[in-house]
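[1] Predicted structure and sequence below. I'll ask about it afterward.
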Amino acid sequence: MLRIFKKILTTGVVTERFSMRSHAERGNEDELEQLGIQIKRHIDKQFSGSIAIRQVDAGSCNGCELEIHALNNPFYDIERFGVHFVASPRHADVLLVTGPVSRHMQTALLRTYEATPNPKWVVAAGDCAACGGEFGVSYASCGAVSNVIPVDAVIPGCPPTPLALMKGLLGLMGVKK
């Protein structure tokens, strides 16, 4: 116990000090708000107020999932714009797929796709979902999501930021009518 206290005293404070937000951070908040308003307009017009997303991890490293989960935190709070994540593909309008499709997840992804009612959109989020990433096609991986099911939009990034995810969803709604 004394060894731990000694280490704490010699290391000191390693966290960042609290400070007022910078201009760049406030700009990010403004961009977030503008994106949210645009998304809400498209959702109100095309989906009567809300859109349901079913997120599917097809074999990723979980980097993309962390960014997707950030969309639900109090800072981004994407639900205020009418975007909801659902537990069942039967309630979903959009399948948001991450990771290269592992051979073990291929059947599950196909069943999820078939269970999602038409009309449905499929979004490949992240570089691995877009092209297979560093895994590619092998005995253990089918590679990109488009090798298994049709994809309507791709959101690049490793991992894509929450703002990039919101821009990708907005682009999907703007393209599809």
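    That came in fine, so what should we check first?
[2] what residue is smack in the middle of this protein?
    Nearest to the mean C-alpha position of the chain, by C-alpha atoms, centre = their mean, lies Ile68 at 3.4 Å.
[3] what's the strand or helix carrying that residue packed up against?
    Take DSSP states H and E as the rule and Ile68 turns out to sit in helix 63-70. Contact here means 3 or more C-beta pairs under 8 Å, 6 or more residues apart in numbering; DSSP states H and E; on that basis helix 63-70 packs against strand 51-57, strand 94-98, helix 162-175. In short, each C-beta sits where N, CA and C put it, glycine included.
[4] List the neighbouring strands of the helix or strand just after that helix plus their orientation.
    Downstream of helix 63-70, the first helix or strand assigned by DSSP H and E is strand 83-85. Strand 83-85 pairs in its sheet with strand 51-57 (parallel), by DSSP bridges.
[5] Show me what the strand it pairs with is in contact with.
    Residues from elsewhere that reach strand 51-57 (C-beta atoms under 8 Å, 6 or more residues apart in numbering): 43, 65, 68, 82-89, 91-99, 105, 109, 112, 116, 173.
[6] For stretch 113-124, list every residue counted as buried.
    113, 116, 120-124 (16 or more other C-beta atoms under 10 Å).
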